[in-house]
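K.L.:
model the following, please.
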Amino acid sequence: MLMPPTWSSPGTLTTMDASVASNPVVVAVLNQKGGVGKTTSVVNVGAGLALAGRRVLLIDLDPQGHLGLHLGVDPDPAAPSAYDVLVDPTTQLDDALVKDVRPGLDVLPSTVDLAGAEVELTNATDPHGQLALKIAAAKRHWDVVILDCPPSLGHLTMNALVAAHEVFVPMQAHFLALQGVGRLLETVGRVVRSVNQQLQVTGIILCMHEKQTTLGREIESDLEQFLESTRGNGQPWSNCRVLRPAIRRNIKLAEAPSFGQSIFDYAPTCPGAVDYRRLAEGLSRDWINAGKLSSPPQVGAAVEVKPNPFAANPSDVMSAPSSTQTDGPTTEAHGQD
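P.N.:
Numbering: from 1, shown residues only. As a prediction, this is how the structure comes out:
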């Protein structure tokens, strides 16, 4: 079984020994279609891992900057950001972090300047390897690094795919989304052949899922059959699986970003929180079993709720209603970034 790559020296990829768990698992969350739950999944999987006692870094590679907004991070315009980390050789990852946004959770925010990196990286000596080098050189240590990729396949996304060990694909159980996943897998295959031969697509996250509908069940079944048909064919997605549980459609997931909160802050007992917590705990166990992470540390105190001063009504953060539903899908509609 292929182990994730690590960096033994700048620009050099080697295979990680299974006994070494000091290097972070780096995951790129990618879909070339927007609005499928990508940023929502990055934030809440990351927050769920932090709640499970892991040290986590979330990196926003999308110039829209929604990841930071989701967690109430208001980047200082004068401070370094993801743009500087990618285009300025003297800016290190540690210089641009917003540390401990929640206990155990750091964020590298983006600003609109990041869009300019697409142009500037074109002239770089190694336009696609900058992020990998900066993660390798970081003094601060994490168990997991999660990369929120833009929906386009440019230099920003390529930096993520070169730096990553694994790719997660968030998607909805719709016919067109299923076709899009096929094209995305082909794209990752080209990246693997050219720049990162260790990269694996390991998980599909079903977002806004409605298992009670015929369409939802049929698409989920088709996806499972497709993934099963690829087992052992040597493709970078031959070990991919649908991650469990699927994330049920839940209005609280759409409301939480406007308060600058993860779902665990905003509505910790709602179906979305239950699903993302179970998903994060399952991923942590899988990585431990694969030798990619050490045994789980002691879980710290509960996450502190931090009101977002830019929310429309910050007082609502402390009194936001939360659903106690834990089984069965909700009929509430919502959209997710």
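
K.L.:
quick one: the most centrally placed residue in the chain from residue 63, how far?
P.N.:
Residue closest to the mean C-alpha point of the chain, counted by C-alpha atoms, centre = their mean, is residue 42 at 3.3 Å. According to C-beta to C-beta, to the nearest Å, residue 42 and residue 63 sit 15 Å apart. No exception for glycine: its C-beta is placed from N, CA and C like everyone else's.

K.L.:
repeat for residue 155
P.N.:
12 Å.

K.L.:
what about residue 282, distance to residue 121?
P.N.:
Distance, residue 282 to residue 121, by C-beta to C-beta: 35 Å.

K.L.:
ok, those two, which is more surrounded?
P.N.:
Comparing residue 282 with residue 121 by other C-beta atoms under 10 Å, the one with more neighbours is residue 121, at 19 against 15.

K.L.:
ok, which stretches of the protein are helices?
P.N.:
Along the chain, counting by DSSP state H, helices occupy 38-51, 66-70, 82-87, 93-96, 114-120, 130-137, 155-163, 175-194, 214-229, 251-255, 263-266, 271-289, 315-319.

K.L.:
nearest to residue 169, of the ones you listed?
P.N.:
helix 175-194 (5.9 Å; C-beta to C-beta).

K.L.:
show me what counts as buried in the closest one.
P.N.:
177-178, 180-181, 184-185, 188, 191-192 (16 or more other C-beta atoms under 10 Å).

K.L.:
so where's the stretch 1-150 of the chain uncertain?
P.N.:
1-22 (pLDDT under 70).

K.L.:
let's go with 90 and repeat that
P.N.:
The stretch 1-150 of the chain contains residues with pLDDT under 90 at 1-23, 32-37, 74-78, 123-125.

K.L.:
doesn't residue 135 make contact with residue 163?
P.N.:
Yes - using C-beta atoms under 8 Å, residue 163 is in contact with residue 135, at 5.8 Å.

K.L.:
identify the contacts common to these two.
P.N.:
Common neighbours of residue 163 and residue 135, using C-beta atoms under 8 Å, 6 or more residues apart in numbering, are residue 26.

K.L.:
surely residue 81 meets residue 75?
P.N.:
Yes - under the criterion of C-beta under 8 Å, residue 81 makes contact with residue 75 at 5.7 Å.

K.L.:
those two: which is more packed in?
P.N.:
A direct count of neighbours by other C-beta under 10 Å for residue 81 and residue 75 places residue 81 higher, at 24 against 21.

K.L.:
residues in contact with the closest residue to that one other than its chain neighbours?
P.N.:
Nearest residue to residue 81, sequence neighbours excluded (C-beta to C-beta, 6 or more residues apart in numbering): residue 111, at 4.9 Å. Going by C-beta under 8 Å, 6+ apart, residue 111 touches 63, 65, 75, 77, 81-83.

K.L.:
backbone dihedrals for residue 111, both of them.
P.N.:
Note on residue 111: its backbone torsions stand at phi -130, psi 180 [degrees, to the nearest 10].

K.L.:
contact partners for residue 33?
P.N.:
With contact taken as C-beta under 8 Å, 6+ apart, residue 33 is in contact with 151, 177, 180.

K.L.:
again, 10 Å this time
P.N.:
Residues in contact with residue 33 (C-beta atoms under 10 Å, 6 or more residues apart in numbering) are 151, 170-172, 174, 176-177, 180-181, 183-184.

K.L.:
before we move on, what about residue 34?
P.N.:
Shown in contact with residue 34 (C-beta under 10 Å, 6+ apart): 62, 64, 150-152, 337.

K.L.:
check those and tell me the two furthest apart.
P.N.:
Farthest apart among the contacts of residue 34 by C-beta to C-beta are 152 and 337. That separation is 15.0 Å.

K.L.:
more neighbours, those two?
P.N.:
A direct count of neighbours by other C-beta under 10 Å for residue 152 and residue 337 places residue 337 higher, at 21 against 12.
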